[in-house]
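next input, structure requested:
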Amino acid sequence: MILAPRERIEELTARGWWGTRRIHDWLDVQITRRPDALALVDPPNRERFVDGRPRRLTWRELGAEVQRLAQALARLGVAKDDVVLVQLPNCAELPIAYLACMRLGAIITPVPIQYREHELVQIAALARPRIALTAERILSYRHAEMLRALIEPPGRVVALGDPVLGPDSAGLRAEAEVDANEVATLCWTSGTEGVPKGVPRSHNEWLSIPENMILAGRLTEGCTLLNPFPLVNMAGIAGQFLPWLITGGKLVLHHPFDLNLFVTQLREEAVDYSIASPATLTVLAQNEGLLAGLRLRALGSGGGSLPEWTLRVLAERHGIDVTNYFGTNEGASLTASSLDLPEPAQRASYFPRFGAGTHQWRLPVSRRVLTKLVDPESGEEIQAPGRPGELRVKGPAIFSGYWRSPEMTARAFDAQGWFRTGDLFEIAGDERQLYRFVGRLKDIIVRGGFNISSEEVEALLLEHPAVREAAVIGYPDQRLGERVCAAVVAQGGSTPTLEELTGFLRTQKRVAVYKLPERLLLLQALPRNAFGKVLKRVLRERLQA
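Numbers count the residues shown, from 1 in each chain. Down below sits the predicted model:
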């Protein structure tokens, strides 16, 4: 299934930015180059959160597992352009599923393990999966049971360990002719619309990103990467999965996040590169003993500003280079690496102004992307420092449009084809060569790397009988970036508690756990302007007070 317009394919191919190689071709490359080298490592605590003993697979063994799963899916009727929904934690079967689906030309749609009935019903209606692959349990939740109740017929839900996934496929061809411009993945994000938005991405759109990550992260052939982020969206796929395939190294999986286990894996697996939240980096910098004796050379981070002190300590005392990333599932990305911004003070708060023609940067992505800031009210392009504007982007990594949502796609791009990120930046630097993130145009909360639509949670809260009005805002959190607060006007003299509201959302509305409010403001009335719009700035000020 090719969604990119023919003109775009021809232009980017002529520039040499898109080619014919598919993502799964890199698996064949590494099987040939280093068949007996270790490729994939399960979390050592795997049995605590999903059935099956931890595995350590070589590239040859990984190839055999991919072929086995591809054959099993083919037996179940999965063919080219079919959608395979996968809800799995960070275990070996997840990257195997990616590669098996790609071999078949099927479209893998990975969903976070936190998603429950509320999100999955909407996703299943949009994606129309032929097969859902999950586990009987993830931690204590019965995921297979949940999906069997949602996806008809029940036989289309397959759990790890099911005999149907076993061998006995001799002679079955499990590979399709796949063009590099065909859709490989269908990931999900939330926005102001309050419904999941499918983000289809082709092999070429994905493969436009990892060179940036490899150079910024100082990754070399055969290096070891540790992935603690969910392998379901941009951070996990572009930040770890693709660089691992291309460098032919060892991918060590981690789940759920546990600092002590994370550090243990860094040490025992001789990790060269990993990614972590700003708060985790700060904890590592504050506790020197945690980093003693590590081989770790570089770390990536994202989701917020980094303390300058953290970057400086990690570099000067431990020789660990930190790169700060900004990115969206749709393919917009900025990279603040030491290659372009050697000073920690700049890298902590600023990004290179890629594609604006103001400066020559070292990362090749700077010559393949165009960016600009636009005043969200007037539509005027901003050239002056210190004036906030919406970041708009063009480039080979930008997706071609939302899945089966032409109206959303039309709103996502302006008349000249620039992608509207919904993120506000301002121009900075002596030569106007930098961007500084200042906020969001869209009404979303980013908690632990996941987008939460305020509108979605507000609409669900209004279904509670004790709630007359509701507004949802984010508030700062050192570890997760933001958490969720609900501001509520009670109905009929009742006084709902936070526990009552979260219980209602969890048990009756079946909402993903990470969307649940963690603070509650009970108000007599929501602050509004003259046009009736809720003043969320005032709510944030009240919460802070």
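
can you tell me what sits against the helix or strand where residue 26 lies?
Assigned by DSSP states H and E, residue 26 belongs to helix 25-33. The contact list for helix 25-33, computed with CB atoms under 8 Å, 6 or more residues apart in numbering, reads 39, 59-60, 62-63, 66, 99, 245-246, 248. To be clear about C-beta, it is placed using only N, CA and C from the backbone, and glycine gets the same treatment.

widest-spaced pair of those?
The two members of the contacts of helix 25-33 with the most space between them (CB to CB) are 60 and 246, at 18.3 Å.

of those two, who's got more company?
residue 246 (19 against 16; other CB atoms under 10 Å).

three-state assignment of that one?
Of the three states, residue 246 takes helix according to DSSP: H, G, I helix; E, B strand; the rest coil.

now the helix holding residue 26: average pLDDT?
Averaged across helix 25-33, pLDDT comes to 98.

then stretch 390-407?
96.

distance between the ends of that stretch?
20 Å (CA to CA, to the nearest Å).

what does stretch 518-527 give?
With CA to CA, one end of stretch 518-527 sits 21 Å from the other.

in it, what's buried?
Judged by neighbour count using 16 or more other CB atoms under 10 Å, the buried positions of stretch 518-527 are 520-521, 526-527.

what about residue 149, how many neighbours?
The burial count for residue 149: 12, using other CB under 10 Å.

please apply the same query to residue 211.
Applying other CB under 10 Å, I find that residue 211 has 16 neighbouring residues.

so where's the stretch 301-450 of the chain uncertain?
The model of the stretch 301-450 of the chain has pLDDT under 70 over residues 303-304.

strands - which of the buried residues of stretch 518-527 land there?
Mapping those onto strands (DSSP state E) picks out 520-521.

in a markdown table, list the buried residues of stretch 518-527 along with distance to residue 241.
As requested, the buried residues of stretch 518-527 are exported to a markdown table (distance: CB to CB, whole Å):
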| residue | distance to residue 241 |
| --- | --- |
| 520 | 38 |
| 521 | 40 |
| 526 | 43 |
| 527 | 44 |
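
closest to residue 35 among the buried residues of stretch 518-527?
Closest to residue 35, out of all of the buried residues of stretch 518-527 and judged by CB to CB, is residue 520, at 56.5 Å.

ok, residue 348 to residue 290 distance?
Separation of residue 348 from residue 290 (CB to CB, to the nearest Å): 21 Å.

who has more neighbours out of these two?
Neighbour count, other CB under 10 Å: between residue 348 and residue 290, residue 348 has more, with 21 against 17.

which other residues reach the helix or strand hosting that one?
Using DSSP H and E, residue 348 falls within helix 344-349. Here helix 344-349 makes contact (CB under 8 Å, 6+ apart) with 305-308, 310-312, 315, 322-324, 336-338, 341, 434, 436.

ok, of those, which come out buried?
306-307, 310-312, 315, 322-324, 336-338, 341, 434, 436.

out of these, which two sit at the greatest distance?
315 and 436 (21.2 Å).

show me the contacts for the closest residue to residue 354 other than its chain neighbours.
Leaving aside its chain neighbours, residue 354 sits nearest to residue 366 (4.3 Å; criterion: CB to CB, 6 or more residues apart in numbering). Residue 366 makes contact with 340, 352, 354-355, 360, according to CB under 8 Å, 6+ apart.

any chance of those residues in CSV, with neighbour count too?
Formatted as CSV, the entries for the contacts of residue 366 read as follows, by neighbours: other CB atoms under 10 Å:
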residue, neighbour count
340, 22
352, 27
354, 25
355, 19
360, 9
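
now, which of these lie within strands?
Per DSSP E, these map to strands at residue 352.

wait, which of the contacts of residue 366 is closest to residue 457?
residue 354 (33.8 Å).

which residues touch the closest one?
With CB under 8 Å, 6+ apart, residue 354 has these contacts: 334-335, 361, 363, 365-366, 369, 371.

secondary structure class for residue 180?
Residue 180 - assigned by three-state DSSP - is coil.

let the chain start at 50 from now.
Noted, 50 is the first residue going forward, which turns the last one into residue 229.

hmm, it is touching residue 73, no?
No. With contact defined as CB atoms under 8 Å, residue 229 does not count as touching residue 73 (10.7 Å).

okay, the residue nearest the centre of the chain: pLDDT?
By CA atoms, centre = their mean, the mean C-alpha position of the chain lies nearest to residue 282, the distance being 2.9 Å. Model confidence at residue 282, given as pLDDT, is 91.

isn't residue 120 right up against residue 215?
No. Between residue 120 and residue 215 there is no contact under CB under 8 Å: 10.0 Å.

am I right that residue 157 is in a strand?
Yes. Assessed with three-state DSSP, residue 157 lies in a strand.

can you tell me the closest non-neighbouring residue to it?
Nearest one to residue 157, counting by CB to CB, 6+ apart, is residue 150 at 4.0 Å.

using CSV, write out every CA atom in the helix or strand where that neighbour lies.
Per DSSP H and E: residue 150 is located in helix 142-153. Written as CSV, here are the backbone C-alpha positions of helix 142-153 (Å, rounded to 0.1, in the frame of the first residue of the first chain):
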residue,chain,number,x,y,z
GLU,A,142,8.7,-11.2,20.3
LEU,A,143,8.0,-7.5,19.6
PRO,A,144,11.0,-6.8,17.2
ILE,A,145,10.4,-10.3,15.8
ALA,A,146,6.8,-9.3,15.0
TYR,A,147,7.9,-6.1,13.3
LEU,A,148,10.3,-8.0,11.0
ALA,A,149,7.9,-10.9,10.3
CYS,A,150,5.1,-8.5,9.3
MET,A,151,7.5,-6.5,7.0
ARG,A,152,8.6,-9.7,5.3
LEU,A,153,4.9,-10.5,4.5
